[in-house]
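# Compute the structure for the input listed below.
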Amino acid sequence: MIRKLSILDRSRTREGHPAPQALRDTVDLARTAEELGYHRFWVSEHHSVPGVAGSAPTVLAAAVAGATRRIRVGTGGVMLPNHQPMVVAEQFGVLESLFPGRIDMGLGRSVGFTDGIRRALGRDTGDADRFEEQLAELLGWLDGSQVAHPGVHARPAEGLRIPAFVLATGAAAGIAARAGLPLVVGDLRSRDRVAEAVATYRGEFRPSAWSPEPYVVVSGTVAVAATTEAARRILVPEAWSVANSRTRGSFPPLRPAEDIEALEMTPRERELYEGALAGHVHGTEEQVAAELSEVAALTGADELLVTTSTHDRTALVESYRGLARVAGL
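Numbering: from 1, shown residues only. Here you go, the predicted model:
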């Protein structure tokens, strides 16, 4: 069993609730995660998505850190191609200065997922190809080694040792290894692919001042409930949002599970919905413990980052409580 557990919350909006409530829900969940003994609490970056309120992760991370006392707080992640590395360094420098020893810098290489969003951000798909270069520049702003801009300093970031993590998409496992940084890789529905990325990372890892040895965080959806069926129903709202996004081009707010189960879906919607439900770790505490033991044996992961979303906030919190018991937190 992977003993170190963390949470990535995407501030998913819910049907019938205003988007600001999703942000307040995230902060509330962070407090609960701290009480339960979770190691980290991370927030994400999405732009122009109706179903996600989390668009400014460093701002939200500040609110989370201010509402908690001990849990590590960070981003999963800041999408580096959307930003200038110096600005990212400054933002995390401010966070680390305000909440010393508690801030993580999770970094991804995705850009806006539509042409319109990319234009609004002033980016294009090619910016993702510069991720490794941007990552090196960002780390240089922090350790004072950047040479591209003589006489310029990222204050108050310079000299601060803020843990950096690379979110694995595509070639990012190799990028993390070459940079000597911890790796975050998912999802658990593709366990052989995750294991392959982890093996690549460990095989190519170069020790650095940031991390002397490989560190692997596996990420995925986990749902725990009193019965297998109750755990499955936790997954239903997110699965329908995924199916909706692929048939209608919109990733909508989460709907109650009972409303979704009453829908008359087209054959294509049903296929996508069932596919989005399949493969996630879910079940009773005993069933989840067994599955996560298999994940630990397959990947040798140091940490599990859970990304579960659902409409029923009570069921979500109880799921995290159950997972905490499974891990013995």
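# Tell me which stretches of this protein form strands.
With DSSP state E, the ranges of strands along the chain come out as 5-9, 40-43, 72-75, 78-79, 103-108, 164-167, 183-186, 216-220, 222-224, 281-283, 303-306.
# looking at the ones you listed, which is closest to residue 93?
Among the strands of the chain, strand 103-108 comes nearest to residue 93, with 9.4 Å by Cβ to Cβ. (C-beta placed from N, C-alpha, C; glycine too.)
# got a list of contacts for the worst-scoring helix or strand of the chain on mean pLDDT?
Lowest by mean pLDDT, DSSP states H and E among the helices and strands of the chain is helix 115-121, with a mean of 75. Contacts to helix 115-121, defined as Cβ atoms under 8 Å, 6 or more residues apart in numbering, come from residues 47-48, 82, 111-112, 124-125.
# tell me, how many neighbours does the nearest residue in space to residue 147 that is not next to it in sequence end up with?
Using Cβ to Cβ, 6 or more residues apart in numbering and skipping the chain neighbours, the partner closest in space to residue 147 is residue 140 (7.5 Å). The tally of other residues near residue 140 (other Cβ atoms under 10 Å) stands at 19.
# can I assume residue 140 is in contact with residue 153?
No - contact criterion Cβ atoms under 8 Å: residue 140 and residue 153 do not qualify, at 10.9 Å.
# Among the contacts of helix 115-121, which one sits closest to residue 306?
Using Cβ to Cβ, the contacts of helix 115-121 come closest to residue 306 at residue 47, 23.4 Å.
# Tell me which residues are up against stretch 8-26.
Here stretch 8-26 makes contact (Cβ under 8 Å, 6+ apart) with 29-30, 41-44, 46, 50-54, 60, 63-64, 76, 219, 238, 252-256, 305-307, 309, 311, 313.
# what is the mean pLDDT for it?
Stretch 8-26 shows a mean pLDDT of 96.
# And for stretch 189-208?
If you average the pLDDT values across stretch 189-208, you get 94.
# cool, and stretch 285-298?
If you average the pLDDT over stretch 285-298, you get 96.
# show me where the stretch 151-300 of the chain has helices.
172-179, 191-204, 228-248, 257-261, 267-277, 285-299 (DSSP state H, counting those that start in this stretch).
# what's the most buried one of these?
helix 172-179 (a mean of 22; mean count of other Cβ atoms under 10 Å).
# for the record, mean pLDDT for that helix?
On average, helix 172-179 scores 94.
# Which strands and helices lie in contact with that helix?
In this structure, helix 172-179 makes packing contacts with helix 131-143, strand 164-167, strand 183-186, helix 191-204, judged by 3 or more Cβ pairs under 8 Å, 6 or more residues apart in numbering; DSSP states H and E.
# Need the residue closest to the centroid of the protein.
Centre of the chain computed as the mean C-alpha position; nearest residue by Cα atoms, centre = their mean is residue 76, 3.7 Å away.
# List the contacts of the nearest residue to residue 68 once chain neighbours are set aside.
Counting by Cβ to Cβ, 6+ apart, the nearest residue to residue 68 once its immediate chain neighbours are dropped is residue 34, at 4.8 Å. Listed by Cβ under 8 Å, 6+ apart, the contact partners of residue 34 are 41, 68-71.
# likewise residue 138?
Contacts of residue 138 by Cβ under 8 Å, 6+ apart are 80, 85, 88-89, 107, 164.
# how far away is the residue of the chain positioned farthest from its centre from residue 206?
The C-alpha centroid of the chain is most remote from residue 151, which lies 34.9 Å away (Cα atoms, centre = their mean). Distance, residue 151 to residue 206, using Cβ to Cβ, to the nearest Å: 30 Å.
# and if you look at residue 318?
42 Å.
# more crowded one of those two?
residue 318 (16 against 11).
# I figured that one hits residue 225, correct?
Yes - at 7.1 Å, residue 318 counts as touching residue 225 under the criterion of Cβ under 8 Å.
# For the residue farthest from the centre of the chain, grab phi and psi.
Per-residue torsions, residue 151: phi 80, psi 0 (degrees, to the nearest 10).
# Residues touching stretch 249-261, excluding its own?
12-15, 17, 49-52, 233-234, 236-238, 240-242, 244-245, 309-312.
# Ok, stretch 281-288 next?
For stretch 281-288, using Cβ under 8 Å, 6+ apart, the contacting residues are 188, 220-228, 231-232, 234-235, 291-292, 295, 322-323, 325-326.
# ditto for stretch 165-182
Stretch 165-182 is contacted by residues 74, 76-77, 104-110, 131-132, 135-136, 139, 163-164, 183-186, 197-198, 200-211, 214-217 when judged by Cβ under 8 Å, 6+ apart.
# Good, we can wrap up now.
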